[in-house]
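Novice: take a look and give me a structure for this.
(one chain, ligands or ions: 1)
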Amino acid sequence: MNYRALFVGVGVTMLLFTGCGTENHPTPTSKPLPYESTLLGRGHQIFSSTCTPCHGQNGQGISGPALWGPNSAVAGFPGFSQLEQFIQQNMPASNPGSLTPAQAQAVASLLWHQNHR
Ligand code: HEC
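Specialist: Presented below is the predicted three-dimensional model:
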């Protein structure tokens, strides 16, 4: 039995676990954790002020496509970070890149929540 190899293995495993714990992009799940409700609340505010002219108050779509509900294709985004990145770079279509990363994350959380609950 090689105890040294065992010791190193355990060390690496612990490193991996602690590494994941400090992830600063919480992936919204179907049941939001308490800290995520703050994020969703901010997402709502940004959505109402910035996205509704084209996507509608209920995400149903106007000049832009539906973002949740029966006609939404947003659930087809491969993951949360892709959605966040898309919004950050492309939305609002009238002023792409105008959201801060934190704003893009908050509004992406709202969309992710609406499409995956
Ligand atoms: C000026 C109109 C306009 C505004 C404002 C706007 N969008 Fe859009 N949005 C569009 C159009 C048009 C498309 C479709 C073209 C495209 O995908 O680039 C789109 C596409 C999207 C998509 C991709 C939908 C899909 O099914 O592929 C997402 C997500 C999205 N918008 C999010 C947002 C968010 C979040 C905001 C607010 C921060 C926002 N949009 C503001 C016009 C707008």
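Novice: and this protein, which residues reach the ligand?
Specialist: With C-beta under 6 Å from any ligand atom as the criterion, the chain meets the ligand at residues 46, 50-51, 53-55, 63-65, 67, 73-74, 86-87, 90-94, 99, 107, 111. C-beta coordinates here come from the backbone N, C-alpha and C atoms, glycine included.
Novice: which of the residues you listed are buried? Put it as a PyMOL command.
Specialist: Provided next is the PyMOL selection string for whichever of the residues of the chain next to the ligand are buried by 16 or more other C-beta atoms under 10 Å:
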select buried, resi 46+50+51+54+55+64+67+74+87+91+92+99+107+111
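Novice: tell me which of the residues of the chain next to the ligand fall in helices.
Specialist: With DSSP state H as the criterion, helices contain 46, 53-55, 86-87, 90, 107, 111 from among the residues of the chain next to the ligand.
Novice: okay, the residues you listed in CSV with distance to Gly79 and pLDDT next?
Specialist: Output for these, formatted as CSV (distance: C-beta to C-beta, whole Å; pLDDT from 0 to 100):
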residue, distance to Gly79, pLDDT
Ile46, 20, 98
Pro53, 27, 98
Cys54, 24, 98
His55, 21, 98
Phe86, 11, 98
Ile87, 13, 98
Asn90, 16, 98
Val107, 16, 97
Leu111, 13, 96
